[in-house]
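# sequence first, then the predicted structure, then my questions.
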Amino acid sequence: MTGWERFTDSFFNARVMAQYLPKIIDGFGLTVVLALCIIAAGLALGLLLALVRTFSIRPLNWLIIFVVDLFRALPPLVIIVLLYFGLPNAGVELSGFVASWLALTLVLMAFSEEIFWAGITSVAKGQWEAARSTGLGFVQTLGFVVLPQALRITIPPLTNRTIAITKGTALASVVAVPDILGAANAGVSFSFNPSPLTLGAIAYLVLFFPVVVLGRWIETRFAWKR
């Protein structure tokens, strides 16, 4: 057997790939569900924290800043491991899916809060003053004048952050979540052949290439025209 034949037999073994393709497809579906749950919860919590900061309640703002900086600094894998293996010692048991969802949601919340806050503070002070001069209250000014402008500014960085956190779902395999990587690793363990990893790589390409293209379109679509 030549070197090329050994390579193809190891990474492109048709028999092994056909055998584990259903598992990879199941993992693909689970990865999509996990990613959507993380994105929805993380962005909602991040926006909520950024809106709370606008009320300038100093002790609350200090707490938000501490929480945000904490989860921005901690590696996602460390958070997943702490939640999955640490909480049972306190009498709280989480499934691998829930632990991964919660950990990555907290990470996305932290980063998205800073992005939303940067968008809000980037709106010119004159916009606030002009809106207030027409009789609008603080909440009305925030909701009808400032927030729409801020959200438009934040769309490109939020798109990149959501793509990055979706890639982070591969970490869920560490706590036995049968996502794409988890299914591929299981296939390698049982078949003693790395071809399932090749399938997993293809599955990630199928998942992320349209997302990256969509992100590029969104960045172009919502860019400020000069």
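Happy to help now that I have it.

# not counting sequence-adjacent ones, nearest residue to the most centrally placed residue in the chain?
Most central in the chain under CA atoms, centre = their mean is Ile165, positioned 2.7 Å from the mean C-alpha point. For Ile165, ignoring the flanking residues on the chain, the nearest one in space by CB to CB, 6 or more residues apart in numbering is Leu108 at 4.7 Å. In this view, the C-beta of every residue, glycine as well, is placed from N, C-alpha and C.

# what about Arg152, how many neighbours?
13 (other CB atoms under 10 Å).

# ok, back up a step: so how far is Ala124 from the residue nearest to Ile165?
Using CB to CB, to the nearest Å, Leu108 is found at 28 Å from Ala124.

# compare those two (neighbour count), which wins?
The residue with more neighbours, out of Leu108 and Ala124, is Leu108; 28 against 10, by other CB under 10 Å.

# can you name every helix or strand that the longest helix belonging to the chain contacts?
If you go by DSSP state H, the chain has its longest helix at helix 14-53. Where contact means 3 or more CB pairs under 8 Å, 6 or more residues apart in numbering; DSSP states H and E, helix 14-53 is packed against helix 58-73, helix 96-122, helix 147-167, helix 180-191, helix 195-221.

# mean confidence for that helix?
If you average the pLDDT over helix 14-53, you get 94.

# which regions of the chain lie under the pLDDT threshold?
Filtered on pLDDT under 70, the chain yields the residue ranges 1, 222-226.

# so what's the residue count around the closest residue to Ser112 other than its chain neighbours?
Nearest-residue entry for Ser112: Gly46, 3.0 Å, with adjacent residues in sequence omitted and distances by CB to CB, 6+ apart. When neighbours are defined as other CB under 10 Å, Gly46 has 25 of them.

# contacting residues for Gly46?
Leu108, Met109, Ala110, Phe111, Ser112, Glu113, Ile115, Phe116 (CB atoms under 8 Å, 6 or more residues apart in numbering).

# go with 7 Å
Leu108, Met109, Ser112, Glu113, Phe116 (CB atoms under 7 Å, 6 or more residues apart in numbering).

# and those residues, which is closest to Gly86?
Of all those, the one with the least separation from Gly86 (CB to CB) is Met109, at 19.5 Å.

# picking up where we left off before, wait, the residue nearest to the centre of the chain sits on Ala110?
No - counting by CB atoms under 7 Å, Ala110 is not a contact partner of Ile165; they are 10.6 Å apart.
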